[in-house]
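Colleague: Can you look at this prediction? I've put the sequence above it.
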Amino acid sequence: YQTRKTPSSTWSPVLPLTVGSGVEFETNSDETNWVFPILIQYNFTETLQISLEPEFGHVDAKSDGARTVGGFGDLETSLDWEFLRERRWTPAVGLEGTIRWPTASDTDLGKRNHDYSVGLVMSKDCVFFDLDSNVIYTFSGDRDEQSKLEVSLAGELPLSRWISLEAEFVQTIETGRGHSERPREFTFGFSWHVTRFVTIEYGTQISSGGRWQELLGWQYSFGGND
C-alpha cells in the first residue's frame, strides 16, 4: 500500500530492520505490466526511520504500438521523523521526505527526472482496528507532469491472531495551470501473519477510469511484530 506507518509502529529494540518485496500485475489490450518492488526499512531510533525502495519491471507488448522491455526501475529513498507520539485521544504524527531517483534502465520502466515529496504521516491504534493516514505533496521534476497532493487513509481490522482485513483509499489532486485531474484509488485485501516475523499480503487495487491491479507482497521483520 502507499500509506506509510509512523516509525514507532515498526520499532524493535532487538533489530529494527524490515525487508520485503511484492508483485504488481496489470494488463490491457496493448500490454501487460509486471512490477516487483523491494522494501528495505531501518529504524535508527524509535522515531527516526529510513526506507529504500528499488523496483524491477517488465512490460510485455501485445500490440504493434507497444514495446517489450524489462530491467531496473526507479529508486525511492525516504526519511521519516515522528515528532509527536501517540496519546490516548491523538495519533502519532511524523514528517516524511522522499526522493525518487531516475535510475530506470529504460524510459518505459521509470521517470526521466527526480521527484521530491514532503508531507505528514499519522497512525492511531483504535483498539479494535488501526488507522494510518498520509498527506503528501510531490514536486515533479518533469516539465510534462504536474505536481500533486496525495491524501490517503488506510485501515487494518484483525479477524484473528493470524488474519486481518485491509483497505486503503487514495485521493490525488494534481496542481498547476489548466485543468487539474483528481484520480482515486481503492485497495482492499487481507494480510496473513504467518509468524511474528513474516507477513504475507494480497489485494486488488481499483483506480478511477476502470484500471485495476492485483497485488501480492511479503515482509520479514527481524525484530518481530507485536
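Modeller: Done, it's in.
Colleague: check contacts around the residue nearest to residue 141 when sequence neighbours are not counted.
Modeller: Once flanking residues are discounted, residue 141 sits nearest to residue 113: 3.3 Å by C-beta to C-beta, 6 or more residues apart in numbering. Bear in mind the C-beta positions are built from the backbone N, C-alpha and C, glycine included. Counting by C-beta atoms under 8 Å, 6 or more residues apart in numbering, residue 113 makes contact with 102, 140, 141, 142.
Colleague: Most neighbours among those, which one is it?
Modeller: residue 140 (20 neighbours; other C-beta atoms under 10 Å).
Colleague: Quick one: name whatever helix or strand follows the lengthiest strand in the chain.
Modeller: With secondary structure taken from DSSP state E, the chain has its longest strand at strand 69-84. Per DSSP states H and E, the first helix or strand lying C-terminal to strand 69-84 is strand 92-101.
Colleague: what is the mean pLDDT for that next one?
Modeller: Averaged across strand 92-101, pLDDT comes to 97.
Colleague: Check stretch 35-48 too.
Modeller: pLDDT averaged over stretch 35-48 gives 96.
Colleague: quick check, distance from it to the centre of its chain.
Modeller: Distance, stretch centre to chain centre, for stretch 35-48: 11 Å (C-alpha atoms, centre = their mean, to the nearest Å).
Colleague: Touching that stretch from outside, list them.
Modeller: Contacts of stretch 35-48 (C-beta under 8 Å, 6+ apart): 7-8, 10-12, 16-24, 49-57, 73, 79-83, 85, 94, 217, 219.
Colleague: Repeat that for stretch 166-185.
Modeller: When contacts are defined by C-beta under 8 Å, 6+ apart, stretch 166-185 is touched by residues 1-3, 146-157, 186-191, 201, 203, 205-209.
Colleague: So what's the gap between that stretch and the chain middle?
Modeller: 15 Å.
Colleague: Leaving aside the residues adjacent along the chain, what's closest to residue 212?
Modeller: residue 206 (5.0 Å).
Colleague: Identify the bridge partners of the one you found.
Modeller: residue 186, residue 212 (DSSP bridges).
Colleague: before we move on, the earlier item: kindly provide the whole-number mean pLDDT of the longest strand of the chain.
Modeller: On average, strand 69-84 scores 96.
Colleague: Flag every buried residue along it.
Modeller: By 16 or more other C-beta atoms under 10 Å, the buried positions in strand 69-84 come out as 69, 73, 74, 75, 76, 78, 80, 81, 82.
Colleague: Kindly report the same for stretch 192-212.
Modeller: By 16+ other C-beta under 10 Å, the buried positions in stretch 192-212 come out as 193, 199, 201, 202, 203, 205, 207.
Colleague: what's the closest of those to residue 98?
Modeller: residue 205 (20.0 Å; C-beta to C-beta).
Colleague: quick one, what contacts the closest one?
Modeller: Residue 205 sits in contact with 185, 186, 187, 212, 213, 214, 215, where contact means C-beta under 8 Å, 6+ apart.
Colleague: which of the residues you listed are buried?
Modeller: 185, 187, 213, 215.
Colleague: Surely the second one and residue 202 touch.
Modeller: No. Contact status for residue 187 versus residue 202: not in contact, 10.7 Å apart, counting by C-beta atoms under 8 Å.
Colleague: joint contacts of these two?
Modeller: Common neighbours of residue 187 and residue 202 (C-beta under 8 Å, 6+ apart) are residue 215.
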